[in-house]
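[1] no FASTA, just this:
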């Protein structure tokens, strides 16, 4: 264990360098574990398994979408994006602007390889085999997608996962089969930065709600239509939507109270942190049940376990589970199963581990230090935007998404708009393309899909809040549907033009949706009611010579 220096004579005072070394050792060395100060071995084990599950869900969802999103014939091909970066940035600097393995090969085969490698690494991480190595593989693979996905990776959840995954490289225990990692407790710095991320997700979101000026947060009406207007509602949210206004006003007060006040309990004694965990955990579970925010809330829920300590977790766990993780080698003496040759190997590893400790601590200190500065500076700028703090560390980390600013639901969506693609084989009769997850059939109950992330459906929800000129992927979708591109068609529930018929025209229209009331649902079985508002984007038509042309330009919506 890394300890402070002991001075032999009372008149010997530590120099500035020695004090700095002691401080660095205290931050980056393993946290001490004793009866008075329980450690965080169990919370670390639980969090890393949960992080593996989050990575698994992220890569699993990409397997079915990535080719249609950024594949060779996808909506926003990664190859075209990397070519644009190359033309704008010369030399190795392009690797900083777009840190992705797709520079090697932006083909569909490489995209699928990245997804499969990340998926397998996530499974191995869940099994607690070489956690640091698997975390590195997951991080590099996921960053490779995010850095090239353009509009399809502009979500705060992606930044949350990359930040947590990067810090966990220094938080996870070393070794191929570390168990609880009793001989390698987590460092104070890595532990704090993960807790710091948990705190900032809540607190910065609360600050953003107040600073945005959205009146719904001030007059306690923000939740009145929240369950209806979110990206992908659930059937549970339909029922909660019909609760009285006082319930929704109370939900606003609870949300602001948790985000702005309760999360400060992180910095208080352990009993208050445990109380905080017992409040925010049900809060996150309710969000998971009433809205589909992909893996976002699962990740925040997992970070919350770091509020606990070993004493608390072991009080809950059955003795049989704890016995599975008892060390086979004691601290004072080794068991007879350790032979002389094995002991020599262990000694050799221990010697080199001690020799490389200063270098490892220097690397960890540099990376964790710059992440802490960048995240703290962005938090300060939320209150003092003109404060002249150095910007270069923040800019340096920006492409890697490991030091982010958060602000969930700063402004509430006032209405639910949905874009629908329709095709026609004669230019008169229009047939809709069915979505897998987005509301469309008024009689179909909203599902629970999270942590699965349907990025195409999500982006359509964001696109409906603006115009097609700012969301060109909608126009590219029309073009790919005219071309019957199989990868893009796979983003939908099915192809309505089968059996030889082909669309000669495709258009995108926009509807407004509302939840039905209880009486209507009881009488008709409808979960939704909707109204056609008009065209969203220009309609495209295949000309006799095979070219695709614009046949209808919509009037801009006010």
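    Looks like it arrived, so ask away. Predicted, not measured: the structure shown is a model, and the values here were computed from it. Numbers count the residues shown, from 1 in each chain.
[2] quick check: mean pLDDT across the helix or strand encompassing residue 481?
    Secondary structure from DSSP states H and E places residue 481 in helix 473-482. Helix 473-482 shows a mean pLDDT of 95.
[3] Report all helices and strands that that helix contacts.
    Under the contact criterion of 3 or more Cβ pairs under 8 Å, 6 or more residues apart in numbering; DSSP states H and E, helix 473-482 touches strand 416-424, helix 455-464, helix 486-489, strand 505-515, strand 528-542. Where C-beta positions appear, they are placed from N, C-alpha and C, glycine not excepted.
[4] now it and helix 455-464, what's the angle there?
    Counting by axes from the mean of the first three to the mean of the last three Cα atoms, to 10 degrees, helix 473-482 lies at 130 degrees to helix 455-464.
[5] So which bits of helix 473-482 are buried?
    Within helix 473-482, the residues that qualify as buried are 473-478, 480-482, counting by 16 or more other Cβ atoms under 10 Å.
[6] by how many degrees do it and strand 416-424 diverge?
    Compare the direction of helix 473-482 with that of strand 416-424 by the same axes, to 10 degrees and you get 30 degrees.
[7] now helix 473-482, how far from the chain's geometric center?
    27 Å (Cα atoms, centre = their mean, to the nearest Å).
[8] swap in stretch 294-306?
    Centroid separation for stretch 294-306 versus its chain: 9 Å, with Cα atoms, centre = their mean.
[9] hmm, who's touching that stretch?
    40, 43-44, 46-47, 50-51, 53-54, 57-58, 61, 155-157, 160-161, 164, 191, 194-195, 197-198, 201-202, 277, 280-281, 284-285, 287-288, 450-453, 458 (Cβ atoms under 8 Å, 6 or more residues apart in numbering).
[10] pLDDT score for the residue nearest the centre of the chain?
    For the chain, the residue nearest the mean C-alpha position is residue 157 (2.8 Å; Cα atoms, centre = their mean). pLDDT, residue 157: 96.
[11] likewise residue 1?
    40.
[12] before we move on, back to that, the closest residue to the residue nearest to the centre of the chain other than its chain neighbours: how many residues sit nearby?
    Excluding its sequence neighbours, the residue lying closest to residue 157 (Cβ to Cβ, 6 or more residues apart in numbering) is residue 296, at 4.0 Å. Applying other Cβ atoms under 10 Å, we find 25 residues neighbouring residue 296.
[13] ok, now how distant is residue 296 from residue 287?
    9 Å (Cβ to Cβ, to the nearest Å).
[14] Could you list every helix and strand in contact with the helix or strand hosting residue 133?
    Using DSSP H and E, residue 133 sits within helix 131-146. If contacts are counted by 3+ Cβ pairs under 8 Å, 6+ apart, helix 131-146 sits against helix 41-63, helix 108-126, helix 156-171.
[15] could the ones you listed be laid out in TSV, adding distance to residue 178?
    Shown next, in TSV, are the helices and strands packed on helix 131-146 (distance: least, Cβ to Cβ, whole Å):
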stretch	distance to residue 178
helix 41-63	9
helix 108-126	12
helix 156-171	12
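[16] what about those helices, which gets the closest to residue 325?
    The closest of the helices and strands packed on helix 131-146 to residue 325 is helix 41-63. By Cβ to Cβ, the value is 7.9 Å.
[17] by contact count, what packs against the closest one?
    When contacts are defined as 3+ Cβ pairs under 8 Å, 6+ apart, helix 41-63 sits against helix 108-126, helix 131-146, helix 156-171, helix 296-304, helix 310-316.
[18] could you give the angle of that helix to helix 108-126?
    Taking the same axes, to 10 degrees, helix 41-63 and helix 108-126 form an angle of 160 degrees between their directions.
[19] for helix 41-63, which positions count as buried?
    For helix 41-63, burial by neighbour count (16+ other Cβ under 10 Å) applies to 41-62.
[20] Which neighbouring residues are in contact with the residue lying closest to residue 279 once chain neighbours are set aside, exactly?
    Closest residue in space to residue 279, ignoring its immediate chain neighbours: residue 262 at 6.3 Å, by Cβ to Cβ, 6+ apart. Residues in contact with residue 262 (Cβ under 8 Å, 6+ apart) are 276, 279-280.
[21] Okay, and which of those residues map to helices?
    276, 279-280 (DSSP state H).
[22] Can I get those residues in CSV including neighbour count?
    Formatted as CSV, the ones in helices among the contacts of residue 262 follow (neighbours: other Cβ atoms under 10 Å):
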residue, neighbour count
276, 19
279, 15
280, 22
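[23] Out of those, which is nearest to residue 322?
    residue 276 (24.6 Å).
[24] wait, what's in contact with the closest one?
    Neighbouring residues of residue 276 by Cβ under 8 Å, 6+ apart: 262-263, 265-266, 307.
[25] Quick check: it vs residue 168, distance?
    According to Cβ to Cβ, residue 276 stands 22 Å off from residue 168.
[26] now swap in residue 363 and tell me
    Relative to residue 168, and taking Cβ to Cβ, residue 363 is found at 15 Å.
[27] More neighbours: those two, which one.
    Neighbours around residue 363 and residue 168, counted as other Cβ under 10 Å, are more numerous at residue 168. The numbers are 25 against 13.
[28] List the contacts of the more buried one.
    Contact analysis of residue 168 by Cβ under 8 Å, 6+ apart lists 47-48, 51, 135, 190, 194.
[29] 7 Å instead, please
    Residues in contact with residue 168 (Cβ atoms under 7 Å, 6 or more residues apart in numbering) are 48, 51, 135.
[30] ok, the closest residue in space to residue 158 that isn't next to it in sequence to residue 110 distance?
    Nearest non-adjacent residue to residue 158, counting by Cβ to Cβ, 6+ apart: residue 146, 5.2 Å away. To residue 110, residue 146 is 15 Å away according to Cβ to Cβ.
[31] With neighbour numbers in mind, choose between those two.
    Legend: neighbour count by other Cβ under 10 Å for residue 146 and residue 110, higher for residue 146 (23 against 18).
[32] how much space between the more buried one and residue 99?
    Separation of residue 146 from residue 99 (Cβ to Cβ): 9 Å.
[33] swap in residue 184?
    29 Å.
[34] Report the beta-bridge partner residues of residue 509.
    With beta bridges defined as DSSP bridges, residue 509 has these partners: residue 420, residue 535.
[35] just the one 5 residues further on next, same as before
    In this structure, residue 514 has beta-bridge partners residue 529, where bridges are defined by DSSP bridges.
[36] pLDDT score for it?
    So residue 514 comes in at 97 (pLDDT).
[37] Other residues contacting stretch 525-537?
    238, 419, 439, 442-446, 468, 474-475, 478, 507-516, 520-521, 552, 554.
[38] what's the burial count for residue 379?
    A total of 17 residues lie near residue 379 under the criterion other Cβ under 10 Å.
[39] got the contact list for it?
    Residue 379 touches 200, 204, counting by Cβ under 7 Å, 6+ apart.
[40] cutoff 10 Å now
    Shown in contact with residue 379 (Cβ atoms under 10 Å, 6 or more residues apart in numbering): 196, 199-200, 203-204, 207, 405-406.
[41] just residue 244 next, same as before
    Contacts for residue 244 (Cβ under 10 Å, 6+ apart) come out as residue 250.
[42] List the contacts of the residue nearest to the centre of the chain.
    Per Cβ under 10 Å, 6+ apart, neighbours of residue 157: 54, 58, 293-300, 408, 451, 453, 458.
[43] and the host helix or strand of residue 550, which residues are buried?
    Using DSSP H and E, the element containing residue 550 is strand 548-552. By neighbour count with 16+ other Cβ under 10 Å, strand 548-552 contains no buried residues.
[44] now the angle from that strand to strand 505-515?
    Counting by the same axes, to 10 degrees, strand 548-552 lies at 50 degrees to strand 505-515.
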